[in-house]
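[1] Turn this into a model:
(one chain, ligands or ions: 1)
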Amino acid sequence: METDELQLLREQAAARQFIDSEFTALFAPEDEALRSAVEAISAHNMPQIAISPLRGRMLQVLALACGARKILEIGALAGYSGIWLARSLPPGGRLISLEVSEQHAEVARASFARAGVSDRAEVRVGPAQELLPILTGEAPFDLVFIDADKPGYLVYLDWALRLTRMGGIIVADNCIRRGSPLRQSDDPGTAALGEYDRRVAHDPRLVSVALPIAEGGLDGFAVSVVVAPPKATAS
Ligand code: SAM
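    Down below sits the predicted model:
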């Protein structure tokens, strides 16, 4: 590669890092409870796959924008994103977080307790595919955050469409992933992310956008506002 091009790439990488750290400090500083949730991930040998602080803040902005009182999360890990979401709830609000791993669920519950949100945030253990149908009686939700196994994203989208009220918001993490979902892929997770993006882009029940808010714009959320009532959406 030409020296000038390399220089330009270095400058762009440095600018991305600068923007990430400065805007995190400005908009999404972590308190002790959030830092503890991150520390719990390594302390329990769990994968470091929690969202970033700016993504947490974005979840709060979206939850507040739609006046969320009832939030559903798919994929709790150590409760990091759950803390951001729970803190956006008004008094009496509820967060239900679904998690397949009993160990992760226990760590997430401890994170919620440290953050003082156990009164409004709970973790339910099991495969989301099995827990979601049971949630019908507790719908509608105002916001659904999808952040579990990628091959499951299309099933989670179908359920989110059934469980979210009109005007509610469906958010899915990792829908940009350095552009990989837009290319042909044999990897089931990447292929599912691509199909997720196409579905939310074209589904007339949704108004959606991909929001490059992570890794210096190389990853981020798909954000969809539900513009048709859930009853009309059930397939
Ligand atoms: N939202 C979390 C955060 O940002 O703090 C990170 C979630 S992590 C990316 C994905 C989580 O989904 C893991 O804890 C994993 O055990 C869980 N998971 C994977 N497959 C699942 C399934 N079928 N049902 C429920 N949870 C699942």
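[2] Would you agree Leu26 falls within a helix?
    Yes - under DSSP: H, G, I helix; E, B strand; the rest coil, Leu26 sits within a helix.
[3] what's the distance between it and the ligand?
    The gap separating Leu26 from the ligand is 21 Å, by C-beta to the nearest ligand atom, to the nearest Å. Where you see a C-beta, it was placed from the backbone N, CA and C, and this is true even at glycine.
[4] And for Ser88?
    Separation of Ser88 from the ligand (C-beta to the nearest ligand atom) stands at 14 Å.
[5] who's in contact with that residue?
    Contacts for Ser88 (C-beta atoms under 8 Å, 6 or more residues apart in numbering) come out as Leu59, Gln60, Ala63, Leu64, Ala68, Ile71.
[6] Swap in 7 Å and give it another go.
    Gln60, Ala63, Leu64, Ala68 (C-beta atoms under 7 Å, 6 or more residues apart in numbering).
[7] do Gly75 as well
    By C-beta under 7 Å, 6+ apart, the contact list for Gly75 reads Glu99, Asp147, Ala148.
[8] Now intersect these with the strands, please.
    Among the contacts of Gly75, the members found in strands (DSSP state E) are Glu99.
[9] Closest to Arg165 out of the contacts of Gly75?
    Nearest to Arg165 out of these is Asp147 (C-beta to C-beta; 20.4 Å).
[10] And for Arg35, the neighbour number?
    By the measure other C-beta atoms under 10 Å, the count of residues near Arg35 is 11.
[11] if I look at it, how far off is the ligand?
    According to C-beta to the nearest ligand atom, Arg35 stands 13 Å off from the ligand.
[12] Secondary structure element for that residue, which one?
    helix 32-43 (DSSP states H and E).
[13] Tell me which other helices or strands that helix touches.
    Helix 32-43 sits against helix 80-86, helix 102-115, with contacts defined as 3 or more C-beta pairs under 7 Å, 6 or more residues apart in numbering; DSSP states H and E.
[14] Spell out which parts of the protein neighbour the ligand.
    Counting by C-beta under 6 Å from any ligand atom, the positions of the chain adjacent to the ligand are 49-51, 75-77, 80-81, 98-101, 104, 127-128, 147-149, 152.
[15] which of those residues count as buried?
    Buried subset of the residues of the chain next to the ligand (neighbour count, 16 or more other C-beta atoms under 10 Å): 50-51, 75-77, 80-81, 98-100, 104, 128, 147-149, 152.
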